[in-house]
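**Student:** Have a look; sequence and predicted model below, questions after that.
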Amino acid sequence: MPLFQNNRSLKDWLLDNRLRMILAGFLTVAVPLVGLTMYVHGQVISELKKDILEENQTFFSLAASFLEEKIYTDIANGKIFAERPLLIDAIKKSDVTAIHMHLRSFIDNSNTIERAVITTAQAILLADYPHAPLVAGRDFSHRDWYHGISRDWLPYVSDFYLREAEPKRYLFSIAIPVKDAAGLTAGILVLQPKPDYLKDLLSSIRIGKSFLYAVDKKGNLIYHPNLFLDRVIDFSNVPAVEKVKRGMSGVERGRDPFSNEEMLSAYRPMKWGWGVVMQRPAREVFQRAGEIVFGLFLLAGAFLVIGGTVAYKGMTLMFSIQRLSLELRKKEALEREAKEKLKTELEEHRRTGDKLAQTLTELERSNNELEQFAYIASHDLQEPLRKIGSFTQLLEKRYGGQMGEDADRYIHYVVDGAARMQTLINEMLAYSRLGKGKVTFAPADCNNIIERVLSDMDKIIEESGAVVTHDALPTITANDLQLGQVLQNLISNAIKFRRDEPPRIHISARREGHDWLFAVSDNGMGIEPAFFDRIFLMFQRLHTREEYPGTGIGLAACKKIIEGHGGGTWVESDFGKGSTFYFRLPERRGEEET
């Protein structure tokens, strides 16, 4: 060994029989002890785990059965209610008063159902109790419960969704067909459970620190004791939920997606596509096994400590001086190497920083030149364009009808093209000005802004038959003129790209953390997902000018304004049914300029 080449006595000592005896004695104690400990540990843990897993699986199956029985009981009660002859007759006659009386009777005698609705077989609302005027006569054919029940006209339990009637909350529904004596579907009974429907049952069923949660067939949470479900929470990527969606049941170990604590998860699918999962801390489940393992390893550790102390106490003193000397030399070498490396890295960082600063300066200069060029080019194009339009109009006025039909048509093309070019240049100038100069931010009442925009658009709204509504909107720190331009562009697009029915547009806003999230929803023709990003680019159109006039700059301007406020914008759309444009604005304190 090189370490002892210059120390002969130390080398002889290492080769002495006493050292071999110490090492042999230590190994004689340690090897059998470790082997015995591992064997006993394996046998005991195997039996304990088997008993614990069977206990948890049995308890979990009982809880899932209780939940299924509760829902089936409400389905049975709903079917009995749906068979009332007087109710069926009232539905056929569209007697809203009579239907309302039946629904009230059902709700007053139910301990689990909060709200009941009767619709036609086409999902058009006839009556509801408690009555919600906001949804009266509403078409609910887009709901999951209608898609599910209309497949075979059998009772159906829906996915988790946001109820439109007040008070709005996320829930599931039980849909039951109402059939007449001939077996024909006269309507649909939709039952909406009370908020504590699942909590009352699942929260009372637990072992130790375990808890149960339920998911719908998409993997979205329906109930979780530790979460407030004010939105759709996707649990489809949780391993236990993935298996439930495939119709599998069993028990496995994994991590809780929120606390990252190791959990024992039992899972089981339910008959209507739902799944129930029970989670219990693995530490609690295997506590007894852990205590036994701890005792075994504590005993083995005690023997190992005793043997290690006897074997190494003398060696520690012998090697201490030599080790200290070697460590000091190694430390000095490492410090020198570290200093050289740090010096090299600092020099490299300095050069990189200088290069980055130079690149940023060049990029800023290039962007400023491009913006100035676009502004000047657009501005200088207007004068020759006005001359072309004026002289062409004069030519059309003086010689129209004298040079032949083809000449008249060509003159019309020039006049029309010049007008479109003038509009395009004006919008390009407006767009380029968005990035120039200072923009003042001050407290702005969004209710006043939207009222001003609606007043400016009064004529186009009246001509289109559009209905524009809005919630109570906040007061935020922003540029009110630019924010009004954003809202006007979005409302104008919603009116322009409408279907045959009158446009319905709604503006809302809600706080999310330190931001305000605005939404402009419509019932227009919608947008295919492939074009979600494209529509925010300049001059990108999804239709010809003959179909819908415009320049293709409006949404690009909206995007630039929102980004200038430090926010972002995007769209969600169901093609053929409508779109919702979102934009997020950060909350600002006081006044500031950018």
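**Tutor:** Right, received. Where do you want to start? Numbering: from 1, shown residues only.

**Student:** What segments of this structure are helices?
**Tutor:** Taking DSSP state H, the helices of the chain run over residues 8-14, 17-82, 85-92, 96-108, 144-152, 197-202, 239-245, 282-285, 287-399, 405-433, 446-456, 458-464, 480-496, 554-564.

**Student:** which of the ones you listed has the lowest average pLDDT?
**Tutor:** Note on the helices of the chain: helix 8-14 shows the lowest mean pLDDT, a mean of 48.

**Student:** Tell me the spacing between Pro526 and Leu189.
**Tutor:** One thing to correct before we go on: residue 526 is Gly, not Pro. According to CB to CB, to the nearest Å, Gly526 stands 31 Å off from Leu189. For every residue, glycine as well, the C-beta is placed using N, CA and C.

**Student:** whoops, Leu125 was the one
**Tutor:** Leu125 sits 12 Å away from Leu189, going by CB to CB.

**Student:** quick one: common contacting residues for these two?
**Tutor:** Val117, Ile118 (CB atoms under 8 Å, 6 or more residues apart in numbering).

**Student:** Between those two, which has more neighbouring residues?
**Tutor:** Comparing Leu125 with Leu189 by other CB atoms under 10 Å, the one with more neighbours is Leu189, at 24 against 20.

**Student:** Pretty sure Leu264 sits against Val251.
**Tutor:** Yes: with contact defined as CB atoms under 8 Å, Leu264 counts as touching Val251 (6.7 Å).

**Student:** Quick check on those two: which one has the bigger neighbour count.
**Tutor:** Leu264 (22 against 17).

**Student:** So for stretch 88-102, first residue to last residue, what's the gap.
**Tutor:** End-to-end distance for stretch 88-102: 10 Å, by CA to CA, to the nearest Å.

**Student:** these two touch, right, Arg84 and Leu103?
**Tutor:** No: Arg84 lies out of contact with Leu103 (CB under 8 Å); the separation is 11.0 Å.

**Student:** With neighbour numbers in mind, choose between the two.
**Tutor:** Higher neighbour count among Arg84 and Leu103: Leu103, with 24 against 15, using other CB under 10 Å.

**Student:** Now do the contacts for the more buried one.
**Tutor:** Ala116, Val117, Ile118, Ala127, Asp128, Tyr129.

**Student:** hmm, 6 Å instead?
**Tutor:** Leu103 sits next to Ala116, Tyr129 when contact means CB atoms under 6 Å, 6 or more residues apart in numbering.

**Student:** What separation is there between it and Phe81?
**Tutor:** When distance is defined by CB to CB, Leu103 is 9 Å away from Phe81.

**Student:** Over to Lys343?
**Tutor:** For Lys343 relative to Phe81 (CB to CB), the value is 84 Å.

**Student:** Can you pick out the residue with more neighbours from those two?
**Tutor:** Per other CB under 10 Å, whichever of Lys343 and Phe81 has more neighbours is Phe81, with 21 against 10.

**Student:** my read: the more buried one touches Ser105, true?
**Tutor:** No: if you go by CB atoms under 6 Å, Phe81 and Ser105 don't touch, sitting 8.7 Å apart.

**Student:** Neighbours of Arg511, how many?
**Tutor:** Residues within reach of Arg511, counting by other CB under 10 Å, total 10.

**Student:** Run through the bridge partners of it.
**Tutor:** Listed by DSSP bridges, the beta-bridge partners for Arg511 are Trp516.

**Student:** Relative to Arg584, how far out is it?
**Tutor:** Counting by CB to CB, the gap from Arg511 to Arg584 is 11 Å.

**Student:** next one: Gly273
**Tutor:** 34 Å.

**Student:** Please apply the same query to Ala519.
**Tutor:** 10 Å.

**Student:** Ok, Lys194 next?
**Tutor:** 34 Å.

**Student:** burial count for the spatially closest residue to Lys559 that is not a sequence neighbour?
**Tutor:** Nearest residue to Lys559, sequence neighbours excluded (CB to CB, 6 or more residues apart in numbering): Phe536, at 4.6 Å. Residues within reach of Phe536, counting by other CB under 10 Å, total 19.

**Student:** who are the neighbours in contact with Phe536?
**Tutor:** Leu555, Ala556, Lys559.

**Student:** Was I right to think the first one contacts Asp533?
**Tutor:** No: because the distance of 10.8 Å does not satisfy CB under 6 Å, Leu555 is recorded as not touching Asp533.

**Student:** who's more crowded, these two?
**Tutor:** Under the criterion of other CB under 10 Å, the comparison of Leu555 against Asp533 puts Leu555 first, with 21 against 11.

**Student:** what sits against the more buried one?
**Tutor:** The contact partners of Leu555, taken as CB under 6 Å, 6+ apart, are Ile535, Phe536.

**Student:** let's go with 8 Å and repeat that
**Tutor:** For Leu555, the contact set (CB under 8 Å, 6+ apart) comprises Asn489, Asn493, Ile535, Phe536.

**Student:** What is the burial count for the third one?
**Tutor:** When neighbours are defined as other CB under 10 Å, Ile535 has 20 of them.

**Student:** from memory it sits against Trp570, does it?
**Tutor:** No: if you go by CB under 8 Å, Ile535 and Trp570 don't touch, sitting 10.4 Å apart.

**Student:** For Val244, see how far away Ala442 is.
**Tutor:** From Ala442 to Val244 the distance is 53 Å (CB to CB).

**Student:** So which of those two has more stuff around it?
**Tutor:** Val244 (27 against 13).

**Student:** contacting residues for that one?
**Tutor:** Listed by CB under 8 Å, 6+ apart, the contact set of Val244 reads Val215, Tyr267, Arg268, Pro269, Gly275, Val276, Val277.

**Student:** Tell me the most packed of these, by neighbour count.
**Tutor:** Using other CB under 10 Å as the neighbour test, the contacts of Val244 are led by Val215, with 30 neighbours.

**Student:** contacting residues for that residue?
**Tutor:** Per CB under 8 Å, 6+ apart, neighbours of Val215: Leu221, Ile222, Phe235, Ser236, Val241, Val244, Trp274, Gly275, Val277.
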